[in-house]
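K.L.:
Sharing a sequence plus its predicted fold:
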Amino acid sequence: MLKSVSALSLLLSVVCLVPACGDSIDGDALDASTSPDGPNNPPNPAGLGPAPVDLGSTTDPASAGSYVILAKTGVTNVTGSLITGGNVGLSPAAATFITGFTLVADPTNVFSTSVAVVAPGKVYAANYAVPTPSNLTVGVLAMQTAYADAASRTHPDHLNLMSGNLAGLTLAPGLYRWGTTVTIPANVTISGAADDVWIFQISNNLDLSTNTSVILAGGAQAKNIYWQVAGSVTLHATSHFEGVVMSQTAITLQTGATMKGRALAQTLVALDDNAITAP
């Protein structure tokens, strides 16, 4: 009888080692087993973490990397935002869907300028003169390709970390995946060296709370932090964000929120007295 009880106890202890016994696990073995082609997580050749996502040139208007804000359906600005270090682009929607920027058309009609976009940054829309329409078509496709690349990475280092609540955490370089909304209700720190890379795959929404910050430490750079978000992104009032946001839907910055990075949305980017600086 004693031997039977001991055997049962051993069996139960082994069962509790499988992922079902916890809400948050490291996802290496689990993800590899669910990917028919095996892991797609090329290493970063210059540092820790995965290989970076290619956004292209920071100076070519046909490249997603040249835009601080790039959207498909609209870019709105309630009041005095300031965009520094790159362009604002919209396609396939026309310039009439860029509101609150007081656009001044260049004589060539290839681009506009705005007091909200620091020179040499420009504003481009799909109905401007050639070559802008084709440049934006290519740039938007590049944005979608970058999103697909980030989303396709498999074999994550962390799966459903803390069930999506990042408050107070320090995040090392790596590939992270959540099947939930990710919330940041208190400061989170992203810590690593200057060439290290982070990719955050989020299958729902991303929400940064009011007066809360994403903080960089150890030399980490915003240009190497990629937030791939299948849902919407909301940066609440007076919050501060770091990294390149690639959203399949909308990106909203509430009053006074600031950002060092890029807002690349497959629908709308909405601003309200925000400062956004290219990484």
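P.N.:
The structure has been received and is ready for your questions. Residues are numbered from 1 along each chain as shown.

K.L.:
what's the neighbour count on V115?
P.N.:
11 (other C-beta atoms under 10 Å). Quick note: C-beta positions are derived from backbone N, CA and C, even for glycine.

K.L.:
nearest spatial neighbour of it, skipping sequence neighbours?
P.N.:
T102 (6.4 Å; C-beta to C-beta, 6 or more residues apart in numbering).

K.L.:
Need the pLDDT of A46.
P.N.:
pLDDT, A46: 98.

K.L.:
Check N41 too.
P.N.:
So, for N41, pLDDT stands at 89.

K.L.:
try the one 10 residues further on
P.N.:
Per-residue confidence for A51 comes out at a pLDDT of 98.

K.L.:
just T79 next, same as before
P.N.:
Looking at T79, the pLDDT reads 89.

K.L.:
A94 touches T132, doesn't it?
P.N.:
No - using C-beta atoms under 8 Å, A94 is not in contact with T132; the gap is 11.4 Å.

K.L.:
Only the buried residues of stretch 90-110, if you could.
P.N.:
Using 16 or more other C-beta atoms under 10 Å as the test for burial, stretch 90-110 gives 90-91, 93, 95, 97-98, 100-101, 103, 110.

K.L.:
And for stretch 126-138?
P.N.:
In stretch 126-138, counting by 16+ other C-beta under 10 Å, buried: 126-128, 132-133, 135-136, 138.

K.L.:
now, which of the residues you listed sits nearest L48?
P.N.:
Comparing the buried residues of stretch 126-138 against L48 with C-beta to C-beta picks out V138 as the nearest, at 31.9 Å.

K.L.:
Same question for the closest one, what's its three-state structure.
P.N.:
The local conformation at V138, judged by DSSP: H, G, I helix; E, B strand; the rest coil, is helix.

K.L.:
First-to-last residue distance for stretch 171-187?
P.N.:
Using C-alpha to C-alpha, to the nearest Å, the span of stretch 171-187 from its first residue to its last is 12 Å.

K.L.:
Let me fix that, I meant to ask about stretch 178-190.
P.N.:
End-to-end distance for stretch 178-190, by C-alpha to C-alpha: 17 Å.

K.L.:
can you list contacts of stretch 215-231?
P.N.:
By C-beta atoms under 8 Å, 6 or more residues apart in numbering, the list of residues contacting stretch 215-231 from outside reads 49, 52-53, 147, 150-151, 170, 181, 187-206, 233, 242-249, 260-261, 279.

K.L.:
just to revisit the earlier point, thought V117 was touching the residue nearest to V115, still the case?
P.N.:
No - between T102 and V117 there is no contact under C-beta under 8 Å: 10.4 Å.
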